[in-house]
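Asker: need a 3D model of the following:
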Amino acid sequence: MEFWKDPQEAVTAILKLHEEVAKDPELSEGMKKVNQLILYDYTESGPGCAVWVDARGGKLEFGAGDPPGTPDLVMSLSADDAHRSWSDKLNPVMAITRKKIRVKGSATGLLKLAPKLKKVAAVYIQVLKDLGMEDKIIK
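Answerer: Numbers count the residues shown, from 1 in each chain. Down below sits the predicted model:
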């Protein structure tokens with residue numbers, strides 16, 4: 001891995017990102033409108049390297065590892081490309097067309113949130129700072 005010392009470090013940062021997104025009214029409402037159970041599968045970067053977000057039925061829950069049900073959407077990518085994407089340095093639509101992100105299920109709802117990636121990236125940078133991971137911030 002280019003950015004992470006191990007899979008757990010990536011999971012820790014991405015879970016914290018989702019925790020902070022859930023606190024932001026605009027971002028959390030946008031995620032709830034997706035109304036899907038989403039699995040971000042980063043297992044090519046190591047065993048157990050996966051994060052799920054459950055935005056079904058107006059809730060917004062998240063966790064690491066196996067999701068609490070069958071995901072409506074699975075996005076498979078490396079933890080490094082996830083880092084680039086959350087940092088707004090990898091366009092998700094282009095990444096899907098170039099097969100850097102492999103999708104199972106409908107990503108239409110999630111991709112509607114792509115214009116909010118700059119705001120998510122700002123949250124992510126703060127998360128990395130809060131976790132003492134400033135060295136991971138992509139300039």
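Asker: next helix or strand past the lowest-mean-pLDDT helix or strand in the chain?
Answerer: When the helices and strands of the chain are scored by mean pLDDT, DSSP states H and E, helix 108-111 comes last with a mean of 84. Downstream of helix 108-111, the next assigned helix or strand under DSSP states H and E is helix 117-130.
Asker: list the buried residues for that following helix?
Answerer: 117, 119-121, 123-125, 127-128 (16 or more other C-beta atoms under 10 Å). Where C-beta positions appear, they are placed from N, C-alpha and C, glycine not excepted.
Asker: quick one: average confidence on it?
Answerer: The average pLDDT within helix 117-130 is 97.
Asker: can you spell out which helices and strands pack onto it?
Answerer: Here helix 117-130 touches helix 7-23, helix 25-34, helix 79-86, going by 3 or more C-beta pairs under 8 Å, 6 or more residues apart in numbering; DSSP states H and E.
Asker: re earlier: and of the buried residues of helix 117-130, the nearest to Arg98?
Answerer: Leu117 (17.0 Å; C-beta to C-beta).
Asker: surely the closest one meets Leu90?
Answerer: No: taking contacts as C-beta atoms under 8 Å, Leu117 lies outside contact range of Leu90: 9.5 Å.
Asker: so for Ala107, what's the pLDDT?
Answerer: Reported pLDDT at Ala107 in the predicted model: 88.
Asker: hang on, it packs against Leu73?
Answerer: Yes: applying C-beta under 8 Å, one finds Ala107 in contact with Leu73, separated by 5.9 Å.
Asker: buried stuff in the least confident helix or strand of the chain?
Answerer: 109-110.
Asker: cool, stretch 90-104 as well?
Answerer: Per 16+ other C-beta under 10 Å, stretch 90-104 contains these buried residues: 90, 92, 95-96, 100-101, 103.
Asker: now do the end-to-end distance for stretch 72-84.
Answerer: Terminal residues of stretch 72-84 are spaced 23 Å apart (C-alpha to C-alpha, to the nearest Å).
Asker: do stretch 35-46 as well
Answerer: End-to-end span of stretch 35-46 (C-alpha to C-alpha): 28 Å.
Asker: may I see the buried residues of that stretch?
Answerer: For stretch 35-46, by 16+ other C-beta under 10 Å, it's 36-42, 45-46.
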